[in-house]
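>>> Pasting the sequence and the predicted model now:
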Amino acid sequence: MYLNETQEQVRDTARDFADEVIRPVAEALDREERFPAEIYEEMAKVGLFGIGVPEEFGGPGFDTLTYAVVMEELSRGYASIADQCGLVELISTLLVRHGTDVQKKMLPEIISMRRKVAYCITEPEAGTDVSGIRTTAEKDGDGWILNGGKLWIHNAPVADTGFVLARTDKEAGNRGMSIFIVDLHANGVERGPKEHKMGQRASQVGGLNFSDVRLGRDALLGEAGRGFHMMMSVLDKGRVGIAALAVGIAQAGLEAAVDYAGTRKQFGKHISEFQGVQWLLADMAKDIEAARLLVHSAAVKIDRGHDATRSCSMAKCFAGDMAVARTADAVQVFGGSGYIRGFEVERLYRDAKITQIYEGTNQIQRMIIARELMKKGARA
Amino acid sequence: MKVIVPVKRVVDYNVKVRVRADGSGVELTNVKMSMNPFDEIAVEEAVRLKEKGIVSEIVAVSIGVKQAQDVLRTALAMGADRAILVDATSDVNQDIEPLAVAKILARLVEQEQPDLVIAGKQAIDNDLNATGQMLAGLLGWGQATFASEIKIADGSAIVTREVDGGLQTVRVSLPAVITADLRLNEPRYVSLPNIMKAKKKPLEERTVAELDIDTTPRLKVVRTIEPPQRSAGVRVSSVDELIEKLKNEAGVI
């Protein structure tokens, strides 16, 4: 429709890959809670990491809309795998925008998954309110000494390199935080146990502890004191990515529900012939389409350099809520079967829940939408 | 050495094909189209030969409507060096028949002077399985159809063919026409960086008029019908009953 020929080609590649490589193993990955290194290796060969990374650093240099399209398709295969793509995208976007020439040399390793990364923001006392972080980096000669603890960090159990938000100035509030590139195999880095989650179980999540970790001069990303600002600068793209991921989960649920309704017979006919089931399917389809359009419109605003904050929050919030509600409908269409482990819709419902929580809770998204309304007026 | 790979734009293999209400053909409006899977295998084989250093240039050719450039872009993203689109009709429902396609390809072969043409063994839309053979005939070249393995050595191609009785190995002198069967290889996914690079590769447009080929149809489609619905099976109670039914009802033994 509004996608150009290249974007359609990218979508078809991601779709074929998801159908042939990811979706058939999603159930096993969920059950085993395993880091699918072999799939990431294949994805890297196809160039499905670092969608926005410019050609000079080994990426394809695609826009945010193309990124959103890829995220939806990968997530239709399995959300955990799309989330890895989203994580790599955020880190590589940070590096492209703020990294030194030396730091940017990491990009080819990161998008080929030879170097696994973690984005380390959250702490026990700093979830939604990032300004509460207690991890500190104190100046020490040329470099810094890092101390503190991070929680619920995606890839923490397996990552090679952490992008760690730490306080460098206790008095300066949001202007007193900086991002450091930390070797997670270094002395003083301790990994906590892997968390066992409700959904997206192939994503490895855990804690990290830093005690007197020595950081060199090159560890600082961008300017000292600009960490919070840099983090916020990639939030819009991050929200579009997670919104697209939520759409992908719901789309997989719709496809499963339509197939099932067309084959399952009760009272001598397919259950798709009952209006009650038809309305469930129709509501799923229309809400998925609405969420997808919100995601794409937010992505296009980013690509055109428009103010995208409100659109990105609306897309993330709507898509996350939609994914939870409509995967619940998918379970409903399946009836008892949908409640059984091993049926795709059971997993999709669990996978959907976190999309209301991570990348800014949907309550925060509503606060942002309201704040934008008060500040900039109600007109679109 | 230079290779030409013809690629056809067909209804995507995932699409459930429907017959048009008037029986004049299959429904192509709002239907996803993509590269004929056997042609994808042919492109993949050419790219592998290039990666081995045997082939130096791959030219992908598509004949039909202008929209066929999308399959040419896919071929370029897979690794073809340039593409030629022969604009043969503006009607998406018009199938250019194998003989006309073979004549157009023969004309391009005259101009391009390739050492090898690798084609798909047939297109999954009409399954005619004729173009490669006709092209070899028109050119007076050797042909090896239904290839499951291709080796190039000393000016010839050693091709393993999948035939009814098993596998047959033939040697054809180059230049030659080879058609690809399903097990020749497993085509790669086009990578995202290569999709970007393909946009910068040359895609030349030619016309049937300029090539001076008569594409007037020689075949007439009388009627297109859906295959009959599969009826439910029957449960038999004994082997004897099964044999009796196979003999007298199905008439297969």
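That came through, no problem.
>>> Buried residues, the host helix or strand of residue A:137. List them.
Using DSSP states H and E, residue A:137 sits within strand A:136-140. Within strand A:136-140, the residues that count as buried by 16 or more other Cβ atoms under 10 Å in any protein chain shown are A:136-137. (C-beta placed from N, C-alpha, C; glycine too.)
>>> quick one: contacts for the residue in the stretch 51-200 of chain B that chain A sits nearest to?
The minimum distance from the stretch 51-200 of chain B to chain A, using Cβ to the nearest Cβ, falls at residue B:192 (3.5 Å). Going by Cβ atoms under 8 Å, 6 or more residues apart in numbering or on different chains, residue B:192 touches A:10, A:13, A:46-48, A:51, A:59-60, A:62, A:70.
>>> and the closest residue to it other than its chain neighbours, how many residues sit next to it?
Distance criterion Cβ to Cβ, 6 or more residues apart in numbering or on different chains; nearest residue to residue B:192, sequence neighbours excluded, is residue A:47 at 3.5 Å. If you count neighbours by other Cβ atoms under 10 Å in any protein chain shown, residue A:47 ends up with 26.
>>> Phi first, then psi, for residue A:47.
phi 80, psi 30 (degrees, to the nearest 10).
>>> same thing with residue B:169?
According to degrees, to the nearest 10, residue B:169 has phi -110, psi 130.
>>> ok, how many other residues are close to it?
11.
>>> Is it in contact with residue B:162, as I believe?
No: with contact defined as Cβ atoms under 8 Å, residue B:169 does not count as touching residue B:162 (11.1 Å).
>>> What sits closest to whichever residue of the stretch 51-200 of chain A sits closest to chain B if chain neighbours are left out?
Using Cβ to the nearest Cβ, the closest approach of the stretch 51-200 of chain A to chain B is made by residue A:60 at 4.0 Å. Nearest residue to residue A:60 in three dimensions, chain neighbours excluded: residue B:192, at 4.0 Å (Cβ to Cβ, 6+ apart).
>>> What separation do you get for the one you found and residue A:50?
Distance, residue B:192 to residue A:50, using Cβ to Cβ, to the nearest Å: 9 Å.
>>> Residues that sit against both of these two, list them.
Joint contacts of residue B:192 and residue A:50 (Cβ under 8 Å, 6+ apart) are A:59-60.
>>> residue ranges of the helices in chain B, please?
B:37-51, B:69-78, B:98-112, B:131-139, B:192-198, B:208-211, B:239-248 (DSSP state H).
>>> The third one packs against which elements?
Think helix B:98-112. Helix B:98-112 sits against strand B:2-6, strand B:57-64, strand B:82-87, helix B:131-139, helix B:208-211, with contacts defined as 3 or more Cβ pairs under 8 Å, 6 or more residues apart in numbering or on different chains; DSSP states H and E.
>>> Which positions in the stretch 51-200 of chain B make contact with chain A?
With Cβ under 8 Å from any Cβ of the partner chain as the criterion, the stretch 51-200 of chain B meets chain A at residues B:70, B:73-74, B:77, B:189-196, B:199.
>>> For residue A:191, state which of the residues you listed is nearest.
Comparing these against residue A:191 with Cβ to Cβ picks out residue B:192 as the nearest, at 31.9 Å.
>>> And the pLDDT at the closest one?
At residue B:192, the model reports a pLDDT of 95.
>>> can you pull the contacts of residue A:265?
residue A:271.
>>> quick one: it and chain B, what's the gap?
Counting by Cβ to the nearest Cβ, to the nearest Å, the gap from residue A:265 to chain B is 13 Å.
>>> how about residue A:181, secondary structure?
strand (DSSP: H, G, I helix; E, B strand; the rest coil).
>>> Next: residue A:23.
Counting by three-state DSSP, the backbone at residue A:23 sits in helix.
>>> which residue packs closest to it, ignoring adjacent ones?
Nearest non-adjacent residue to residue A:23 (Cβ to Cβ, 6+ apart): residue A:77, at 4.5 Å.
>>> Let me know whether residue A:41 touches residue A:113 as I believe.
Yes: the pair residue A:41 / residue A:113 is scored as a contact, 6.4 Å apart, by Cβ under 8 Å.
>>> Which of those two has more residues huddled nearby?
Neighbours were counted for residue A:41 and for residue A:113 using other Cβ under 10 Å; residue A:113 has more, 20 against 12.
>>> okay, residue 118: pLDDT?
You didn't say which chain, so I picked chain A. 98.
>>> I was thinking of chain B, sorry if that wasn't clear
pLDDT, residue B:118: 98.
>>> Contacts only, for it.
Residues in contact with residue B:118 (Cβ under 8 Å, 6+ apart) are B:3-5, B:42, B:45-46, B:150, B:178-180.
>>> Among these, which one lies nearest to residue B:134?
residue B:179 (11.2 Å).
>>> which residues pair with the closest one across the strands?
For residue B:179, the beta-bridge partners are residue B:119 (DSSP bridges).
>>> just residue B:157 next, same as before
residue B:152, residue B:172.
>>> give me every residue that touches the residue nearest to residue B:192.
So residue A:47 contacts A:59-60, A:111, B:191-194 (Cβ under 8 Å, 6+ apart).
>>> Check residue A:169 too.
Contacts of residue A:169 (Cβ under 8 Å, 6+ apart): A:175-176, A:224-225.
>>> hmm, try it at 10 Å
A:136-137, A:139, A:175-178, A:224-225 (Cβ atoms under 10 Å, 6 or more residues apart in numbering or on different chains).
>>> Turn those into TSV, including pLDDT and distance to residue A:210.
Output for these, formatted as TSV (pLDDT from 0 to 100; distance: Cβ to Cβ, whole Å):
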residue	pLDDT	distance to residue A:210
A:136	97	9
A:137	97	9
A:139	95	16
A:175	95	22
A:176	96	18
A:177	97	15
A:178	97	14
A:224	94	18
A:225	96	20
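>>> hey, where'd the strands end up in chain A?
A:117-120, A:136-140, A:143-154, A:161-167, A:177-183, A:189-194, A:205-215, A:220-221, A:265-266, A:269-270 (DSSP state E).
>>> Would you tell me which one of the ones you listed is buried the most?
When you average the neighbours per residue for each of the strands of chain A (mean count of other Cβ atoms under 10 Å in any protein chain shown), strand A:117-120 leads with a mean of 27.
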